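Participant: One predicted model, sequence on top.
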Amino acid sequence: MIIPELPAYLSSLGGEDYKGLIISLFTLSAGLSRPFSGKLADKIGRIPVMIVGASVCFVVGLLYPLLSFVGGFLFLRFAHGFSAGFTPTGASAYVADIVPFQKRGEAMGMQSLFGSLGMAAGPAIGGWIATYWPIETLFYCAAFTAIFSILILMRLKETLPEKEPVSWKLFRLNKDEIIEKRVLLPSIILFLSVFSFGVVLTIIPDFSFYLGIKNKGLFFAVFTLSSLGIRLIAGKTSDRYGRVVVLRVAVVTMILAMVSVAFAESKLVLLASGVLFGSAVGMYSPTTTAWVVDLSLDKFRGRALATMYIFLESGIGVGALVSGWLYANDPANFRLVFLSSGGVAFLAFLILFFIKRDQKHPFSS
């Protein structure tokens, strides 16, 4: 809900030179919290981890209007990232626990479908709220949506068979508890794929304004909506033909999307590019998650998913930081930013090109 309005809000506080930090600080803290959320999900349960994430989202949302200065805003962006560091890790592990292997891709597609519904409605509704009400109203509305998540979570049954009580020792990480090596390959590919996501989150609001689009959340709504239906199709296809095949198509689509955005000179072309971008996201999101679960051991499932999310947050954060630096508040640099992100996605395609089949995937041939 709040992302499309954050660049302009930060500029109003006098921090226009820090736009690249809006997403990168969020993803930095999310990435730092992933090893802890993964370990806790495997030790104390999936549901408590999800509740912690939703609670952080609620509290930080209430604080945005109170810390209305550049330093306070950037601190809150960092703190807000812990919500993303906990909730998706617990949620993905929970879904993986309750579905059979042969339906894993489809289930991940279903999960990401509902996540996309929220991401589609959020920016559009947020842009509408910001048009008619003060920015503080937007922050409060975003905060209170987290309450509904908590209420739902409190009614779910925990899936972790053997839980440990919460203790300080669970917050001490050994080096082998940070990264799950079994899932490094799909995680690296994901890093290169979501680099463009960080670019879009950071630069599209300004680019939309540059093209004369009043609602800066419109592109986000278009690309998220376009990813909805394809998520289920991509998940089912990866169950049948393998994860690598679907990811190859996803990365090529992402490259085309970034090139299309780079040369967009009208609202129509930009939104058409959003359809391509959303299609790419809709394909690689559930497919990568299913591949990571394929490669992980049941007892380290939380750690494996946390590793994937570390690379995901890192890719988005680096993309946001690099794009903010390349853009430098100069419209003449828009094309350079988007073409560069397409180049990073091409690196992912090169890796996938040399992978003949999914590792340990029983349905690959």
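Facilitator: Perfect, thanks for sending it. Numbering: from 1, shown residues only.
Participant: Could you look up the SS state of A30?
Facilitator: When classified by DSSP: H, G, I helix; E, B strand; the rest coil, A30 comes out as helix.
Participant: what number of residues lie near it?
Facilitator: 29 (other CB atoms under 10 Å). Placement of C-beta: from N, CA and C, glycine included.
Participant: so where's this protein uncertain?
Facilitator: By pLDDT under 70, the weakly predicted segments of the chain are 170, 173, 177, 356-365.
Participant: I'd say G126 and E5 touch.
Facilitator: Yes: when contacts are counted by CB atoms under 8 Å, G126 is listed as touching E5 (6.2 Å).
Participant: Which neighbours do these two have in common?
Facilitator: Counting by CB atoms under 8 Å, 6 or more residues apart in numbering, the shared contacts of G126 and E5 are L138, G217.
Participant: more crowded one of those two?
Facilitator: Taking neighbours as other CB under 10 Å, G126 and E5 compare with G126 leading, 26 against 21.
Participant: what separates that one from A142, distance-wise?
Facilitator: Per CB to CB, to the nearest Å, G126 is found 7 Å from A142.
Participant: so what sits against both of these two?
Facilitator: Common neighbours of G126 and A142, using CB under 8 Å, 6+ apart, are M1, I2.
Participant: Now L297, what are its backbone angles?
Facilitator: Torsion angles at L297 (phi, psi; degrees, to the nearest 10) stand at phi -90, psi 150.
Participant: For it, which residues are in contact?
Facilitator: By CB under 8 Å, 6+ apart, the residues touching L297 are R182, A304.
Participant: from now on call the first residue 41
Facilitator: In the new count, where the first residue is 41, that last one comes out as L337.
Participant: And the residue nearest to A136 when sequence neighbours are not counted, how close does it get to R280?
Facilitator: Using CB to CB, 6 or more residues apart in numbering and skipping residues adjacent in sequence, the residue nearest A136 is V333, 4.7 Å away. From V333 across to R280, the span is 17 Å (CB to CB).
Participant: do F109 as well
Facilitator: Remark: distance between F109 and R280 (CB to CB) = 53 Å.
Participant: Counting neighbours, go ahead and name the busier of V333 and R280.
Facilitator: V333 (26 against 12).
Participant: just checking, next helix/strand downstream of the helix or strand hosting the more buried one?
Facilitator: Assigned by DSSP states H and E, V333 belongs to helix 307-335. Next helix or strand after helix 307-335 toward the C-terminus (DSSP H and E): helix 341-367.
Participant: And for F211, the neighbour number?
Facilitator: 10.
Participant: Now do it against A388, distance only.
Facilitator: From F211 over to A388 the distance is 34 Å, taken as CB to CB.
Participant: Same check on I43?
Facilitator: 24 Å.
Participant: between these two, which one's more packed in?
Facilitator: When neighbours are counted by other CB under 10 Å, I43 and A388 differ, and A388 comes out ahead with 27 against 22.
Participant: ok, the closest residue to that one other than its chain neighbours - contacts?
Facilitator: With sequence-adjacent residues excluded and distances taken as CB to CB, 6+ apart, A388 is closest to L232, at 3.7 Å. Listed by CB under 8 Å, 6+ apart, the contact set of L232 reads G355, V384, A385, L387, A388, I391.
Participant: So which of those are in helices?
Facilitator: Among the contacts of L232, the residues falling in helices (DSSP state H) are G355, V384, A385, L387, A388, I391.
Participant: Quick one, which of those residues are buried?
Facilitator: Taking 16 or more other CB atoms under 10 Å as the criterion, what is buried in the ones in helices among the contacts of L232 is G355, V384, A385, L387, A388.
Participant: What distance do you get for the third one to L80?
Facilitator: In this case it means A385. In terms of CB to CB, A385 sits 33 Å off from L80.
Participant: Tell me which residues touch L310, please.
Facilitator: F247, S248, L251, I253, F259, V301, A304.
Participant: Out of the residues you listed, who's the most crowded?
Facilitator: V301 (29 neighbours).
Participant: Go ahead and confirm that residue touches F317.
Facilitator: Yes: with contacts counted by CB under 8 Å, V301 reaches F317, the gap being 7.3 Å.
Participant: got any residues that touch both of these two?
Facilitator: Residues touching both V301 and F317 by CB under 8 Å, 6+ apart: V240.
Participant: Look at I270 and say how many residues are nearby.
Facilitator: Neighbours of I270 under the rule other CB under 10 Å: 23.
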